[in-house]
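In: requesting a structural model of the entry that follows:
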Amino acid sequence: MKKPMKKLTLILSLLLLTVPIVSLLGGCTLLYGNDRSSVILLAVREEGNRVLLTWDEWAESRQKQIVYDREQNTLTLSETEPAEEIPEPIFEGSTFPRESLIPAEGYESIVDRVLELDDSEEPYLTAFAQETSGMVYGFCVIYSGTVGFLSGGGNIDSRKAVKSVFFSYEKETEMLTVRGELEKRIAVAYDGTNAVWFSDGERTYYAGSPAGEGKRVCGDAAYDDGLTHYSCARFYQGGGYCLLFFHHGDSNLSAEFDRYVLTDMAGTFSAELTIPSAY
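Out: I've put the predicted structure just below:
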C-alpha cells in the first residue's frame, strides 16, 4: 500500500502546483498580451469624391491602399506597386525588452524628453511622433509593467496601460510640451488637435479631442482572451484620417477575417470593410 499512496501523493502535489499556474496563465494577455502600439504613417491623396490612403506593406516591396468613397461611404482594398512616397515618423519605438526608441536624425533629444514623462525607476512606455505643418506632435503610452510567460516575457499588454500623454516638441529649443493626458487609455493616433484612443475596459476606440469624452468609432475585433494568441491590430494615420486594422484569428480558419475601419480624427464619420482573412 505504500507505493500507491506515494504515487497518489505525487499526483495530488502536481495538481496543486498546476492550479496556480493555470490561474496565472488564465488568458493570452498574460502569455502574449494584446499589443495596441503598432502605428504607421499613411500617404493620403484626394481624387474628387475618393480619398486614397496608402502605406508600405511590412517587409515587402509593395504597397497597400484603401480607397474611401465619400459619396457612397465605402472602402475598397487593393495592392499596388510602390508609387506613393510614405512619410517617415520623427520618433517611434518603446522601452520594452528587445525594443528601442528611435528618433529621426536631428531629433535625438526627444528621447530624453519623452523618458522624463515616466518617473518610475524602470519605465515601460511606447511612443510615436510625426511632423505636421512644421510642428512635431506625438504621444507616449505609459505601462505599469510587462507580460509574458511562454513567449520569453517582456511583452506589451493593453491591460497594463497607465495613461497616454499627448505632446508637442520644438526641435530648435528641444522643448517638449504636454498637451493632454488620458488615464488608462491607449493613444493610437494624434494630429495635435484630435486623437484616436483605445479603452481596454470597454474594448472600444474613440476619436476626438483628448480633453473630451470622444466619439465612439468601433469595437476591437482582434482582442484575444484565450490561451492561444491568434489576432493582431495595427493603426495607420495621416492627412486627418486614422485607419484601424484588425486581424481576427481563430482556431477555425474559416472564421478568420480582416477588418478595416476608417475615421477622421474628429470621429465625425466611420466606414468599414470586412474581408476573409488572407493569413
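
In: all helices of the stretch 51-200 of the chain, in order?
Out: 110-115 (DSSP state H, counting those that start in this stretch).

In: any low-confidence regions in it?
Out: Counting by pLDDT under 70, the ranges of the stretch 51-200 of the chain that qualify are 58-60, 149-152.

In: can you give me the strands in it?
Out: 63-69, 74-80, 91-94, 101-103, 124-132, 135-143, 161-170, 175-183, 186-190, 195-199 (DSSP state E, counting those that start in this stretch).

In: quick one: the last one to chain centroid distance?
Out: Spelled out, that is strand 195-199. 10 Å (C-alpha atoms, centre = their mean, to the nearest Å).

In: and stretch 231-246, by the same measure?
Out: Worked out by C-alpha atoms, centre = their mean, stretch 231-246 lies 8 Å from the chain centre.

In: go on, stretch 218-231?
Out: With C-alpha atoms, centre = their mean, you get 13 Å for stretch 218-231.

In: so which of the strands of the stretch 51-200 of the chain is nearest Leu42?
Out: Between Leu42 and the strands of the stretch 51-200 of the chain, the tightest spacing by C-beta to C-beta is seen for strand 63-69, at 8.8 Å. No exception for glycine: its C-beta is placed from N, CA and C like everyone else's.

In: quick revisit: save the strands of the stretch 51-200 of the chain as JSON lines, and put in mean neighbour count and distance to Thr274 too.
Out: JSON lines is the format used below for these (neighbours: other C-beta atoms under 10 Å; distance: least, C-beta to C-beta, whole Å):
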{"stretch": "strand 63-69", "mean neighbour count": "19", "distance to Thr274": "13"}
{"stretch": "strand 74-80", "mean neighbour count": "13", "distance to Thr274": "10"}
{"stretch": "strand 91-94", "mean neighbour count": "21", "distance to Thr274": "28"}
{"stretch": "strand 101-103", "mean neighbour count": "17", "distance to Thr274": "33"}
{"stretch": "strand 124-132", "mean neighbour count": "23", "distance to Thr274": "26"}
{"stretch": "strand 135-143", "mean neighbour count": "23", "distance to Thr274": "27"}
{"stretch": "strand 161-170", "mean neighbour count": "20", "distance to Thr274": "27"}
{"stretch": "strand 175-183", "mean neighbour count": "15", "distance to Thr274": "28"}
{"stretch": "strand 186-190", "mean neighbour count": "27", "distance to Thr274": "19"}
{"stretch": "strand 195-199", "mean neighbour count": "26", "distance to Thr274": "19"}
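
In: and these: which comes nearest Glu47?
Out: So among the strands of the stretch 51-200 of the chain, strand 63-69 is nearest, using C-beta to C-beta, at 8.8 Å.

In: quickly run through the sheet partners of that closest one, with directions.
Out: Counting by DSSP bridges, the strands paired with strand 63-69 are strand 50-56 (antiparallel), strand 74-80 (antiparallel).

In: in a markdown table, list these along with distance to Lys160.
Out: A markdown table is the format used below for these (distance: least, C-beta to C-beta, whole Å):
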| stretch | distance to Lys160 |
| --- | --- |
| strand 50-56 | 28 |
| strand 74-80 | 32 |
